[in-house]
Structure formats: C-alpha cells, structure tokens
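[1] fold the following for me, if possible:
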Amino acid sequence: MSLCYTNRKGHQHYLRLVQTKKGGTRYYIVKNPERYADDELLLQMPIGFEFYEYPFDARVVLRKKLKSKITHDELSVVDQVMAQHETVKDYILDQDQESIFVYQAGLTLADSFFDEALFREIQSYDVKLRFRKTAEETYQAQRFCHISRYYGWITMETSPHLGDLAQKFCYHIDKESLLEFWIEGEEDW
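    You can find the predicted model right below:
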C-alpha cells in the first residue's frame, strides 16, 4: 500500500519518487496514483520529512521536520481554551519553530448556500493570533497589524503564563475588540 495523506478536504495525496539525471532523488506530491508505476510511489516517509497541510487552504507539501521550541503541552493549553470558546468552533492550531498560530474559519456552514461537501472544498482559514515563545521562556500574545507604519505582528502582552494569555486573547478572536489591543508599552495610535 502506497503512503497516503488525506487533507481536511478529503483529497488523498501520495508521494512520488523520481531519480534525477545527476543521480539525485526528487520527491513530488501527486493526487492520482493510477498515472504512475507502483515502484514510483513510496511506501514510507523518507527519514526527516513530513507531510504538511497549510491551514489557510489545505494545500499539502513535503517538508523537512521542524525542530520547535513549542511542546505538545503548550499546544494543548491553547487548544483547551479554544475548545471552550462559545462562538468559534471551527479553528485550526498550527506551529512553527517558536510560535503557536490560531486560525479561524472564514465561513460557517449555516451562513453558506452550499451542501457540506462543496462547503468543505471552499472553506478557508485566516490567522488571527500568534503566541510566540521567547528565548527567556516567556510568551507574547500577538496579532497582525495591517497599518503600513506597523505592518506585521505586534505584541499585545508578554507573560510567563501561556494559559493566562490564551484565556485573555482567544475570547476576542472573532470580535472587533481584538483590534482594540495595541502594542505593549505604547500609547494607543
């Protein structure tokens, strides 16, 4: 059985191995395994690699495994807070080397005119919050600012307790009140 990854839209992805002219190895993600010989599709993941599904559009890529400062327990803290959220039930948590990202669904099934299968195909997610772990083992709650002068992630608050930051800011993830939090230590713009 070929190695297969199914994304949240229900699409299956396979890993294809191709030898280059110079003798190297190249990997490709393919959706239709019938088009390739059985020996071209891998049975197991190459060491040090993983499938990665982009949260915003469910696109699947092969990437090297990330070494992250974020532990499973820290990810669970944010997930538990989001699971208790009263109005946001469709969210995705993602992480990189030093941050936890919270993505919120752009639509709800109740707001759309589509059946569930088509809705799953068009659903996208937007990043709303980031909890960044610093070298001093503290956490920064950040939101993205689109004002040209401050464009990028702005830190709203720093704390040694991730759970406290998650409780305070995850509540605002689907509300305009998130925009009322400004850069830590600066006057309101």
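[2] got a list of what residue 53 touches?
    Applying Cβ atoms under 8 Å, 6 or more residues apart in numbering, we find residue 53 in contact with 5, 7, 8, 59, 60. All C-beta atoms are positioned from the backbone trio N, CA, C, and that covers glycine.
[3] can I take it that residue 110 is in a helix?
    Yes. Assessed by DSSP: H, G, I helix; E, B strand; the rest coil, residue 110 belongs to a helix.
[4] isn't residue 128 right up against residue 102?
    Yes. Contact between residue 128 and residue 102 holds when scored by Cβ atoms under 8 Å: they sit 5.5 Å apart.
[5] when the two are compared, which one has more neighbours?
    residue 102 (25 against 19; other Cβ atoms under 10 Å).
[6] which residues does the more buried one bridge with?
    residue 93, residue 129 (DSSP bridges).
[7] in terms of pLDDT, where does it sit?
    Predicted confidence (pLDDT) for residue 102: 97.
[8] identify the residues contacting the lengthiest helix in the chain?
    Ranked by residue count under DSSP state H, the longest helix found in the chain is helix 72-83. Helix 72-83 is contacted by residues 88, 91, 93, 95, 100, 102, 131, 133, 162-163, 166-167, 170, 173 when judged by Cβ under 8 Å, 6+ apart.
[9] now, those residues that are in helices?
    Checking those against DSSP H, those in helices are 162, 163, 166, 167, 170.
[10] state the number of residues packed around residue 88.
    18.
[11] quick check: it vs residue 104, distance?
    Between residue 88 and residue 104 the computed distance is 6 Å (Cβ to Cβ, to the nearest Å).
[12] overlap of the contact sets of those two?
    In contact with both residue 88 and residue 104: 173, 174, using Cβ under 8 Å, 6+ apart.
[13] if we can go back for a sec, so what sits against both of residue 128 and residue 102?
    With Cβ under 8 Å, 6+ apart, residue 128 and residue 102 have common neighbours residue 173.
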